[in-house]
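Asker: build me a model:
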Amino acid sequence: MRVSVKAILAYNRKFLLLKPLKMSGNINGWDIPGGTVQKGERLQDALIREVKEETGIEIYNPVYLNSVFLSGNATKYEIFMAAVYTDQVILSNEHSKYKWVGEKEFFNLTRVNLKKYLN
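Answerer: Presented below is the predicted three-dimensional model:
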């Protein structure tokens, strides 16, 4: 089983979505930053690395939210949330565009209710 980390990034009550080049995306053609955990790598270290690689954004103190297993691709996703200090994204070559969306649009696309995670 493969383990991947994913980050819900929050900036001024907006949440980041990325448009993958090679896959259709998990969220109606969109995805959240993250990727595969390398052998021997801690989950939080993998998350910090993947977010930096995909967005150019540095995150600190991500908070663990949940674990999701998708049997179709034999992957366990470890989901985190992190507040970020910028909305300036430098996309990797894995993505074609990005957008910051409000809580309602994020819920409509992902079916993830953020209310219980937000103060």
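
Asker: would you mark the buried spots in the helix or strand hosting Leu109?
Answerer: Secondary structure from DSSP states H and E places Leu109 in helix 103-110. Within helix 103-110, the residues scored as buried using 16 or more other Cβ atoms under 10 Å are Glu103, Phe106, Leu109, Thr110. Glycine gets a C-beta too; all of them are placed from N, C-alpha and C.

Asker: need the longest helix for this protein.
Answerer: helix 43-55 (DSSP state H).

Asker: what's the mean pLDDT across the helix or strand that comes right after it?
Answerer: Remark: after helix 43-55, the chain's next helix or strand is strand 63-70, criterion DSSP H and E. Strand 63-70 shows a mean pLDDT of 86.

Asker: parallel or antiparallel, which strands does the very next helix or strand once past strand 63-70 pair with?
Answerer: Once strand 63-70 ends, the next helix or strand along the chain (criterion: DSSP H and E) is strand 75-83. Paired neighbours of strand 75-83 in the sheet (DSSP bridges): strand 2-11 (parallel), strand 63-70 (antiparallel).

Asker: and Thr36, what does it touch?
Answerer: The contact partners of Thr36, by Cβ atoms under 8 Å, 6 or more residues apart in numbering, come to Arg2, Val3, Ser4, Ala46.

Asker: tell me the least confident of those?
Answerer: pLDDT is lowest at Arg2 among these; the value there is 88.

Asker: I figured that one hits Ala74, correct?
Answerer: Yes. Between Arg2 and Ala74 there is a contact under Cβ atoms under 8 Å: 6.2 Å.

Asker: need the phi and psi values for the residue of the chain most remote from its centre.
Answerer: Residue farthest from the centre of the chain, counting by Cα atoms, centre = their mean, is Gly40 at 20.9 Å. The phi/psi pair for Gly40 (degrees, to the nearest 10) reads phi 80, psi 0.
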